[in-house]
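[1] kindly generate the corresponding structure for this input.
(chains A, B, C and D)
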Protein chains: 2
Amino acid sequence: MARAATTSDVFNAIAEPQRREILMLLRAGERPVTELARELGMTQPGASKHLRVLREVGLVRDRKAGKQRLYGLDARGLRAVHEWTGGFERFWNESFDRLDAYVQDLKQARQEE
Amino acid sequence: MARAATTSDVFNAIAEPQRREILMLLRAGERPVTELARELGMTQPGASKHLRVLREVGLVRDRKAGKQRLYGLDARGLRAVHEWTGGFERFWNESFDRLDAYVQDLKQARQEE
DNA sequence: TTGACGCATGCCGATATGGGCATATGATTG
DNA sequence: CAATCATATGCCCATATCGGCATGCGTCAA
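    Numbering: from 1, shown residues only, chains lettered A, B, ... in the order given. Sure, this is the predicted structure:
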């Protein structure tokens, strides 16, 4: 087996930095492909491909506007990611204590050598 | 170029479902590799490889305990993902309105055909 | 020392990637 | 219809993946 498809779920789709940038840009409103490409410094085919991935996982939607195709944000899919990571909130707050304990263990292990 | 390394950042590391499962399991406490492998129904080498990725992005830390090696959660890296997705919160709440507007646009476009 | 155990690593194969480039497709305009 | 603009797609390449399997390496026990 190989790596899962980028279109398999939102987690995979947003693993790509440029796709995350696209999403951030779209917070300011709908945009045609060429403008996105220009703003992100990528080629038009490049932008189209990333947009396709985002569309397939439902993070953006597109709308024809004459010659152009406007892409807009549909952030609902990001909620799942937010909630999943939120399930670890108490752990990243605890982390310092845990790191402390870890350091203690290290010291102890070193003494036992 | 190819797809970015899974170890390039936390977003890539957690794109893998099994790695997310590992992290969830570790919320209950440290565990040796073999036990993780058993609980997740994967082979020991498989678990080791996923743990390596998680370790390289800093989501887990390991500690030698005699013959075993205990892996523990370090969730701090997930905070960045939580915050990034949090930046879209108002958009997924708005989504229904926006969808509505979208539907209106569609209707209008259809009339103009 | 010799086993046995726990884990990490290396190699293989199949696959999907992301970027570049050319080109097909669609819609608008003259 | 022809020319043009906006996008999407297809193809190629180099690369990194994940899984399976064998094996190396460190640690503990007899």
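[2] get me the contact residues on chain A for chain B.
    Residues of chain A that fall close to chain B, judged by C-beta under 8 Å from any C-beta of the partner chain: A:3-4, A:6, A:11-12, A:14-17, A:20, A:23-24, A:27, A:61, A:63-64, A:72-76, A:78-79, A:81-82, A:84-89, A:91-92, A:95, A:98-99, A:102, A:105-106, A:109. Where C-beta positions appear, they are placed from N, C-alpha and C, glycine not excepted.
[3] can you give me the neighbour number for the nearest residue to A:Val60 once chain neighbours are set aside?
    Of all residues not flanking A:Val60 in the chain, A:Leu54 sits nearest, at 4.4 Å (C-beta to C-beta, 6 or more residues apart in numbering or on different chains). A:Leu54 is flanked by 28 other residues according to other C-beta atoms under 10 Å in any protein chain shown.
[4] touching, A:Leu54 and A:Ile22? I think so.
    Yes. Under the criterion of C-beta atoms under 8 Å, A:Leu54 makes contact with A:Ile22 at 6.5 Å.
[5] find the residues that touch each one of the two.
    Taking C-beta atoms under 8 Å, 6 or more residues apart in numbering or on different chains as the criterion, A:Leu54 and A:Ile22 both touch A:Val60.
[6] quick revisit: from A:Ile14, how far out is the residue nearest to A:Val60?
    Computed as C-beta to C-beta, to the nearest Å, the A:Leu54 to A:Ile14 distance reads 9 Å.
[7] mutual contacts of these two, please.
    In contact with both A:Leu54 and A:Ile14: A:Leu23, using C-beta under 8 Å, 6+ apart.
[8] in contact with the spatially most central residue of chain A, which residues are there?
    Closest to where the C-alpha atoms of chain A average out (C-alpha atoms, centre = their mean) is A:Ile14, at 2.7 Å. Shown in contact with A:Ile14 (C-beta under 8 Å, 6+ apart): A:20, A:23, A:59, A:78, A:81, B:11.
[9] switch the cut-off to 7 Å
    A:20, B:11 (C-beta atoms under 7 Å, 6 or more residues apart in numbering or on different chains).
[10] ok, how many other residues are close to A:Leu59?
    23.
[11] wait, isn't it in contact with A:Arg20?
    No. A:Leu59 lies out of contact with A:Arg20 (C-beta atoms under 7 Å); the separation is 10.1 Å.
[12] hmm, back to that, show me which of the residues of chain A next to chain B neighbour DNA strand C.
    A:3, A:6, A:15-16, A:64 (C-beta under 7 Å from any atom of the strand).
[13] so which of those is the most crowded?
    Ranked by the number of neighbours (other C-beta under 10 Å), those place A:Ala15 first, at 24 neighbours.
[14] please report phi then psi for that residue.
    Dihedral pair for A:Ala15: phi -70, psi -20, per degrees, to the nearest 10.
[15] ok, now which ones touch it?
    Contact analysis of A:Ala15 by C-beta under 7 Å, 6+ apart lists B:11-12, B:15.
[16] list the buried residues of the helix or strand in which A:Pro45 is found.
    A:Pro45 is located in helix A:44-56, with elements delineated by DSSP states H and E. For helix A:44-56, the neighbour count (16 or more other C-beta atoms under 10 Å in any protein chain shown) marks A:47-48, A:50-51, A:53-55 as buried.
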